[in-house]
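Colleague: Build me a model from this:
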Amino acid sequence: MIELAQWPELTDPVMIAAFEGWNDAGEAATSALEHLARIWGAEPFAALDPEDYYDFQVNRPSVAREPDGLRRVTWPTTRLLAAHVPALGRDVILVDGIEPSMRWRSYVVELLEAADRLGAQALVTVGALLADVPHTRPIPITGTSDDELMLSRDGVERSHYEGPTGIVGVLSDAAAQAQLPALSLWAAVPHYAGGGPSPKATLALLRRIEELLDVTLDLEDLPDQAYAWEHGVDELAEGDSEVGEYVRALEEAKDTSELPEASGEAIALEFERYLRRRDDEPPKR
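Modeller: All right, here's what the predicted structure looks like:
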């Protein structure tokens with residue numbers, strides 16, 4: 001572990017992790033983490049040594065000119081950031097990473113040793129995958145866990161997936177073995193519109209994190225970005241008859257068999273969120 005600054009003293013922290021690569025369709029997961037880092041003013045304090053975990057022919061370093069006029073190389077790595085969040089009543093550790101190329105077990109051991117050193121009480125991993133879902137409907141967010149306490153939360157279930165996994169699955173499994181309560185949130189990104197950033201999926205993940213942590217997040221202009229993204233995909237579907245037909249078929253399947261009726265609890269939850277946002281808005285003059 002490379003120390004970038006003094007390790008912080010944190011209060012009952014929760015660790016939230018997202019990784020570029022296979023686990024990050026539409027860049028939704030890493031964009032959500034970067035948004036949290038920005039609005040919470042998170043500061044980096046440590047990083048993993050990139051020599052240990054990355055193939056630089058796969059994840060190449062980049063060069064850029066700094067404000068002092070000198071060009072410097074930035075190496076691909078995984079950073080740990082800390083944020084004090086008074087509204088949450090606890091602190092947060094953010095893991096801003098790139099899926100490693102090698103030595104995955106050592107990689108997750110380093111992260112969990114850091115979590116233990118900082119007194120992390122829980123781990124939330126955030127991911128996104130390409131799926132057969134329509135862009136015109138709410139982005140589905142799945143919450144999964146094998147921890148009994150986490151399973152008691154609304155909208156969290158055991159995962160029945162079997163097959164290849166990414167670093168999110170490996171980290172979650174290692175956390176369970178270390179008896180650190182872990183939960184994964186996954187956004188389903190329409191596969192026909194997954195070639196670029198998907199702000200609608202990022203927004204859906206952040207709203208689920210709001211519910212999970214019981215905190216109101218500053219979403220900045222993300223709702224506008226999500227609307228513009230959906231409008232852009234609408235134009236794509238209108239300009240391609242095959243894509244348009246496929247989208248209509250997905251909409252019909254979603255509306256008839258998957259879209260649940262709004263429950264009284266769901267309506268109450270949405271109303272509470274609306275009231276919190278209204279209270280946080282500055283008074284109009």
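
Colleague: Distance from the chain centre to stretch 77-84, please.
Modeller: Distance of stretch 77-84 from its chain centroid, counting by C-alpha atoms, centre = their mean, to the nearest Å, is 14 Å.

Colleague: before we move on, what about stretch 17-33?
Modeller: Taking mean C-alpha positions (C-alpha atoms, centre = their mean), stretch 17-33 and its chain are 6 Å apart.

Colleague: How about stretch 190-199?
Modeller: 15 Å.

Colleague: Where do the strands of the stretch 1-150 of the chain begin and end?
Modeller: Taking DSSP state E, counting those that start in this stretch as the criterion, the stretch 1-150 of the chain carries its strands at 2-3, 14-20, 43-47, 62-65, 71-74, 79-85, 90-98, 122-131, 141-144.

Colleague: Which of these sits closest to Y246?
Modeller: Ranking the strands of the stretch 1-150 of the chain by proximity to Y246 (C-beta to C-beta) places strand 122-131 first, at 13.2 Å. (C-beta placed from N, C-alpha, C; glycine too.)

Colleague: Which neighbouring elements make contact with the closest one?
Modeller: Using 3 or more C-beta pairs under 8 Å, 6 or more residues apart in numbering; DSSP states H and E, the elements in contact with strand 122-131 are strand 14-20, helix 28-39, helix 167-177, strand 182-190, helix 199-213.

Colleague: orientation of that strand relative to strand 90-98 in degrees?
Modeller: 40 degrees (axes from the mean of the first three to the mean of the last three C-alpha atoms, to 10 degrees).

Colleague: quick one: which of the helices and strands packed on strand 122-131 is nearest A122?
Modeller: Of those, nearest to A122 by C-beta to C-beta is strand 14-20, at 4.9 Å.

Colleague: what's in contact with the closest one?
Modeller: 24, 27, 29-30, 32-33, 36, 78, 90, 92-99, 111, 115, 118, 120-127, 166-168, 171, 209, 213 (C-beta atoms under 8 Å, 6 or more residues apart in numbering).

Colleague: Could you export that strand as PDB, CA atoms only?
Modeller: The C-alpha trace of strand 14-20 is given here as PDB (Å, rounded to 0.1, in the frame of the first residue of the first chain):
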ATOM      1  CA  VAL A  14     -18.700   2.100   5.400                       C
ATOM      2  CA  MET A  15     -16.500   1.200   2.500                       C
ATOM      3  CA  ILE A  16     -18.000   1.800  -1.000                       C
ATOM      4  CA  ALA A  17     -16.100   0.300  -4.000                       C
ATOM      5  CA  ALA A  18     -16.400   0.500  -7.800                       C
ATOM      6  CA  PHE A  19     -14.000  -0.700 -10.500                       C
ATOM      7  CA  GLU A  20     -13.400   0.200 -14.100                       C
END
